[in-house]
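1. With the sequence up front, the predicted model follows.
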Amino acid sequence: MKHTIRRLILLAVKPLRPLLELVFSVEAYIAKKWVASSHNRLFLSQWGFGEPEWFDHSIDLYYQWSKTGEGFWVERGVYSAIALKGGDVLELCCGDGFNAKHFYSNLSRSVVSCDFDESAIKTAKRKNTRDNVEFILADIRKDMPKGQFQNIVWDAAIEHFTEEEIARLLASVKSRLTSDGILSGYTIVEKDDGVKSLHQHEYEFQSKADLKAFLVPHFKNVTVFETIYNTRHNLYFWASDSVIPFSGGWQSMDTNLL
């Protein structure tokens, strides 16, 4: 009945389609301009007075992506999503929780996302909640969430730790992965002049080989690859004792777990 009524309404208004499309196109254009402008102001209010520990990716979505044309912020979610196996996910240093909601939750049974920054967790709970996502306030150096996970994501955060901390944290990560689990993530290459991209960064990697050297002692199979933009040199990684994406024997996620 509802379908029939809807069809009749659409047929009745069909002659008005060109006018409606014009009106809604103008409305969308005005909304786009306003949203971009408001997120520009949000960016200035958050970053104009210093460098926060995390980034609100709604600013990327509605302002910076169009402004810069650089999509590396989306790559991060995509490349980790490729490695998802459909089970339970632990996301370390989740920031605003954008990736947990938009890239991991729909492809996983559950997602536990943690960050040590209280403001990040508050933003994540306000903007990026999903029924199967849990945001936890936790410093992974002291209280990394316990459990067994098929996927662990360490995105845009490994560079916030010292070399010694990275080694210890990778051991903790390994102990929380299932036998076929995969660690994935993203980091940044150090600039040629040696100046840190953010003052909070403790160790920025010099190359793919440098990053791989940290992962190989803990995992049998490691892939590190890169994308290079005008403003940023990115490194991505998959690491596991089992099969990793695009290697021999790789299959898509097990949808029976969902």
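-> Perfect, thanks for sending it. Numbering: from 1, shown residues only.
2. hey, where'd the strands end up in this structure?
-> 88-92, 110-115, 133-137, 149-155, 177-188, 221-228, 233-240 (DSSP state E).
3. Just put those strands in a markdown table and tack on distance to His3 and mean neighbour count.
-> C-beta coordinates here come from the backbone N, C-alpha and C atoms, glycine included. Below are these laid out as a markdown table (distance: least, Cβ to Cβ, whole Å; neighbours: other Cβ atoms under 10 Å):
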| stretch | distance to His3 | mean neighbour count |
| --- | --- | --- |
| strand 88-92 | 38 | 26 |
| strand 110-115 | 35 | 24 |
| strand 133-137 | 33 | 18 |
| strand 149-155 | 40 | 26 |
| strand 177-188 | 43 | 21 |
| strand 221-228 | 46 | 15 |
| strand 233-240 | 45 | 23 |
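4. quick one: low-confidence ranges for the protein?
-> The chain contains residues with pLDDT under 70 at 1, 8, 10, 252-258.
5. packing partners for whichever helix in it runs longest?
-> Secondary structure of the chain read by DSSP state H shows that its longest helix is helix 17-47. Secondary-structure packing of helix 17-47 (3 or more Cβ pairs under 8 Å, 6 or more residues apart in numbering; DSSP states H and E): helix 58-59.
6. Now the longest helix of the chain: buried residues?
-> For helix 17-47, burial by neighbour count (16 or more other Cβ atoms under 10 Å) applies to Ala36, His39, Phe43, Gln46.
7. The second one and Trp65 touch, don't they?
-> By that I understand His39. No. At 10.2 Å, His39 does not count as touching Trp65 under the criterion of Cβ atoms under 8 Å.
8. What separation do you get for the nearest residue to Val133 once chain neighbours are set aside and Glu165?
-> Counting by Cβ to Cβ, 6 or more residues apart in numbering, Val133 lies nearest to Val111, which is 4.6 Å off, once chain neighbours are set aside. If you measure Val111 against Glu165 using Cβ to Cβ, to the nearest Å, the figure is 24 Å.
9. ok so, going back, I'd assumed Asn132 was in contact with the residue nearest to Val133.
-> Yes. Using Cβ under 8 Å, Val111 makes contact with Asn132 at a distance of 6.3 Å.
10. Which neighbours do those two have in common?
-> Here Val111 and Asn132 share the contacting residues Ser105, scored by Cβ atoms under 8 Å, 6 or more residues apart in numbering.
11. Just list the residues touching Glu70, thanks.
-> So Glu70 contacts Tyr229, Asn230, Thr231, Arg232 (Cβ under 8 Å, 6+ apart).
12. Next, work out how far apart it and Thr162 are.
-> Taking Cβ to Cβ, one finds Glu70 at 29 Å from Thr162.
13. Can you dump the C-alpha atoms of stretch 206-216 in PDB for me?
-> Provided in PDB are the C-alpha atoms of stretch 206-216 (Å, rounded to 0.1, in the frame of the first residue of the first chain):
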ATOM      1  CA  GLN A 206      62.800   7.600   7.600                       C
ATOM      2  CA  SER A 207      61.600   5.100   5.100                       C
ATOM      3  CA  LYS A 208      59.600   1.900   4.400                       C
ATOM      4  CA  ALA A 209      62.600  -0.100   5.500                       C
ATOM      5  CA  ASP A 210      62.800   1.800   8.700                       C
ATOM      6  CA  LEU A 211      59.200   1.000   9.600                       C
ATOM      7  CA  LYS A 212      59.400  -2.600   8.500                       C
ATOM      8  CA  ALA A 213      62.400  -3.100  10.800                       C
ATOM      9  CA  PHE A 214      60.200  -2.400  13.800                       C
ATOM     10  CA  LEU A 215      57.500  -4.900  12.600                       C
ATOM     11  CA  VAL A 216      59.600  -7.800  11.400                       C
END
